[in-house]
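In: Sequence first, then the predicted structure:
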Amino acid sequence: MERDYITDDDEGKAVVDSNGEQIGMIAEVRSGTAYVDADPSLADTVLSKLGWSDADGDDYPLQENRIHTVTDDEVRLNEEF
C-alpha cells in the first residue's frame, strides 16, 4: 500500500530520490516529522528499525511536501528534492 505521509512505522526505512538512489534512512519520526540520517551505520539502521533510535544533530527534518510516496520498504522523494 502506498501513501504520501509519514507514520511512526516508517522509522528505519530507506529514503530514496526520484531516481531510486538511496540518500539516507528515517532515523526517527517525531510529531509527524521524519528525521533523515544521511549516513546511517549498520547499528543506526538496526536500532531505528527496532524503534530504539533518536534523531540527533546530524539528522535532517524531512518536509512532508517533499514526499512522493511511502511504501513498505522506502520513502521516495519528489523530483524537485
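Out: In hand now; what should we look at?
In: State whether Met25 is indeed within a strand.
Out: Yes: judged by DSSP: H, G, I helix; E, B strand; the rest coil, Met25 forms part of a strand.
In: can you start the count at 9 instead of 1 from here on
Out: Okay, using 9 as the starting number, the last item reads as Met33.
In: Quick check, pLDDT for it.
Out: Among the per-residue scores, Met33 holds a pLDDT of 90.
In: Report the contact partners of Asn73.
Out: Asn73 makes contact with Asn86, according to CB atoms under 8 Å, 6 or more residues apart in numbering. All C-beta spots, glycine's among them, are computed from the backbone N, C-alpha and C.
In: How much space separates Arg84 from Glu10?
Out: Using CB to CB, to the nearest Å, Arg84 is found at 9 Å from Glu10.
In: anything in contact with each of these two?
Out: What both Arg84 and Glu10 touch, as defined by CB under 8 Å, 6+ apart, is the set Thr77, Val78.
In: Looking at the two, which has the bigger crowd around it?
Out: Using other CB atoms under 10 Å, the more surrounded residue of Arg84 and Glu10 is Arg84, with 20 against 9.
In: Spell out the residue ranges of the helices in the protein.
Out: For the chain, applying DSSP state H gives helices covering 50-57.
In: Can you pull out the low-pLDDT segments for it?
Out: Under the criterion of pLDDT under 70, the regions of the chain flagged as low confidence span 48-65, 88-89.
In: Residues in a beta bridge with the most centrally placed residue in it, which ones?
Out: Centroid-nearest residue in the chain: Ile34, 2.7 Å away (criterion: CA atoms, centre = their mean). Per DSSP bridges, the residues bridged to Ile34 are Val44.
In: Surely it is in contact with Val83?
Out: Yes: between Ile34 and Val83 there is a contact at 6.3 Å, judged by CB atoms under 8 Å.
In: The chain: strands as residue ranges?
Out: 22-24, 30-38, 41-45, 67-70, 75-78, 82-85 (DSSP state E).
In: Who are the packing partners of the last one?
Out: Applying 3 or more CB pairs under 8 Å, 6 or more residues apart in numbering; DSSP states H and E, one finds that strand 82-85 makes contact with strand 22-24, strand 30-38, strand 75-78.
In: Pipe the ones you listed into TSV and attach distance to Asp16 per row.
Out: Converted to TSV, the helices and strands packed on strand 82-85 look like this (distance: least, CB to CB, whole Å):
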stretch	distance to Asp16
strand 22-24	16
strand 30-38	5
strand 75-78	12
